[in-house]
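[1] got a predicted structure plus its sequence, pasted below:
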Amino acid sequence: MSVLPVDSLSTPRFVGLPSFMRLPLATSLAGLDAAIIGLPSDSGAPYRTGARFGPNALRAMSVMLRPINPSRGNINVFEVLKVADAGDANVVPGYEIESLALMERSVATLVDAGVIPCAIGGDHSVSLAALRAVAHRHGPVGLIHFDSHTDTWDSYFDGKRYSAGTMFRRAVEEGLIDPSRSIQIGLRGSLFQPTDVSQSEDLGYRVITCDEMFDLGLREVARLVAERAGRGPSYASFDLDFVDPAFAPGVQTPECGGPSAREALALVRMIRGVTLVGFDVVELNPLYDGPGQITALLGATILAEFLALIAETRLQATTSPQNKP
Ligand code: MN
Ligand code: MN
């Protein structure tokens with residue numbers, strides 16, 4: 001099976017089915033290193049629903065992206081990694097717990113075949129489904145979490161424990177992540193309680209607020225991320241509301257005063273040497289996106305950057321030290 005994207009120099013971008021980056025659709029998982037999987041559930045959304053439309057909106061804008069990544073030494077991601085688009089998990093609209101179970105099963109199909117899941121949300125609660133599948137194979141993983149919210153509240157709405165605001169408390173309780181290797185970056189905005197940030201630290205997370213991020217500088221934050229995650233298996237989760245709503249309006253719960261698209265991309269591009277066994281880009285809500293689909297384009301770009309990070313780490317592991325960039 002060919003695992004190269006359609007060449008946009010030969011076939012215009014608007015021709016054909018919009019798989020992620022014009023990659024082939026997965027007909028088999030054999031031989032794949034990574035696969036795109038849509039997790040189109042917004043049944044965990046406390047506020048703006050519509051992230052169920054996120055995966056296909058992100059795919060539609062991803063036709064803009066080219067295979068070579070200049071920020072990691074002109075690496076051609078698809079010469080290093082065999083990647084295909086595995087379509088979407090099934091869900092039951094309005095039924096959060098049932099949808100989590102279905103999505104976990106779909107991600108587990110990839111993980112159990114040795115394929116790295118590259119997930120597109122969906123509201124942020126879909127990360128719990130992906131983490132359950134990933135941890136089942138790899139054990140507790142380090143979590144690298146970009147978000148303007150901690151998502152470590154205990155429950156919403158009369159004790160409901162599963163939502164886009166609670167999954168990173170559930171993930172610790174379920175032993176899916178190792179808090180001592182986990183970090184949350186970008187927290188900002190108004191709070192429910194004064195303890196909204198310290199509740200994450202009490203669970204064992206390292207927290208870098210948005211203000212601290214800019215005080216430290218992006219390069220230092222990237223270094224701290226790599227130091228915290230170490231060489232063990234890690235999982236990255238990127239909530240698009242990490243980015244300022246001027247650059248990413250199409251999200252569930254926007255927070256003013258975040259990094260620009262340029263700053264967010266710069267941070268991701270500076271993270272090196274971590275071993276991602278899965279990642280997600282979540283909370284794309286195309287119903288609130290701008291007419292140019294700028295949030296979808298940014299989400300697609302972030303996803304491609306995580307793929308390039310995986311390719312770079314893979315390449316460094318397989319080349320001799322003198323060949324390292
Ligand atoms: Mn958020
Ligand atoms: Mn979130």
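    In hand now; what should we look at? Numbering: from 1, shown residues only. Ligands and ions are numbered 1, 2, ... in the order given.
[2] now residue 47: phi and psi?
    The phi/psi pair for residue 47 (degrees, to the nearest 10) reads phi -120, psi -110.
[3] got a pLDDT number for it?
    For residue 47, the pLDDT comes out at 94.
[4] that one contacts residue 251, doesn't it?
    No. Taking contacts as C-beta atoms under 8 Å, residue 47 lies outside contact range of residue 251: 9.6 Å. Yep, even glycine has a C-beta here, placed from its N, CA and C like the rest.
[5] more neighbours: which of the two?
    Set side by side, residue 47 and residue 251 show more neighbours around residue 251, with 29 against 12, by other C-beta atoms under 10 Å.
[6] show me what from this protein comes close to ligand 1.
    For the chain, the contact set with ligand 1 under C-beta under 5 Å from the ion comprises 147, 149, 239, 241.
[7] hey, where'd the strands end up in the stretch 201-325 of the chain?
    Using DSSP state E, counting those that start in this stretch, the strands of the stretch 201-325 of the chain run over 206-209, 233-239, 275-282.
[8] no wait, the stretch 1-150 of the chain
    In the stretch 1-150 of the chain, the strands defined using DSSP E, counting those that start in this stretch lie at 34-39, 68-69, 75-76, 83-88, 116-121, 142-146.
[9] which elements pack onto the fifth one?
    It stands for strand 116-121. Secondary-structure packing of strand 116-121 (3 or more C-beta pairs under 8 Å, 6 or more residues apart in numbering; DSSP states H and E): strand 34-39, helix 54-62, helix 96-112, helix 126-138, strand 275-282, helix 294-318.
[10] same check on the second one?
    Counting contacts by 3+ C-beta pairs under 8 Å, 6+ apart, strand 68-69 is packed against strand 75-76, helix 294-318.
[11] make CSV from the strands of the stretch 201-325 of the chain and add mean neighbour count to it.
    Output for those, formatted as CSV (neighbours: other C-beta atoms under 10 Å):
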stretch, mean neighbour count
strand 206-209, 18
strand 233-239, 27
strand 275-282, 25
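[12] now mean pLDDT too, for the ones you listed, in a markdown table please.
    Output for the strands of the stretch 201-325 of the chain, formatted as a markdown table (pLDDT from 0 to 100):
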| stretch | mean pLDDT |
| --- | --- |
| strand 206-209 | 98 |
| strand 233-239 | 98 |
| strand 275-282 | 98 |
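[13] ok, which of those comes nearest residue 116?
    Nearest to residue 116 among these is strand 275-282; the distance by C-beta to C-beta comes to 5.9 Å.
[14] so what strands line up beside that closest one?
    strand 116-121 (parallel), strand 233-239 (parallel) (DSSP bridges).
[15] hmm, the last one touching ligand 2?
    Yes. Using C-beta under 5 Å from the ion, a contact is recorded between strand 233-239 and ligand 2, made by residue 239.
[16] which residues are contacting that strand?
    124, 127, 130-131, 134, 138-139, 141-149, 151, 177, 181, 251, 268, 274-283, 302, 306 (C-beta atoms under 8 Å, 6 or more residues apart in numbering).
[17] before we move on, what about stretch 209-229?
    Contacts with stretch 209-229, where a contact means C-beta under 8 Å, 6+ apart, come from 142, 144, 148, 181-183, 185-188, 197, 206, 208, 257-259, 263, 266-267, 270-275.
[18] buried stuff in it?
    209-210, 213, 218, 221-226, 228-229 (16 or more other C-beta atoms under 10 Å).
[19] ok, those residues vs ligand 2, which is closest?
    residue 210 (13.7 Å; C-beta to the ion).
[20] let me see the confidence value for that closest one.
    Model confidence at residue 210 (pLDDT) stands at 98.
[21] tell me which of the strands of the stretch 201-325 of the chain lies nearest to residue 24.
    For residue 24, the closest of those is strand 275-282, at 20.4 Å, according to C-beta to C-beta.
[22] quick one: low-confidence ranges for this structure?
    For the chain, the stretches flagged by pLDDT under 70 are 1-2, 320-325.
[23] recalculate using a threshold of 50.
    Applying pLDDT under 50 to the chain flags the ranges 1, 323-325.
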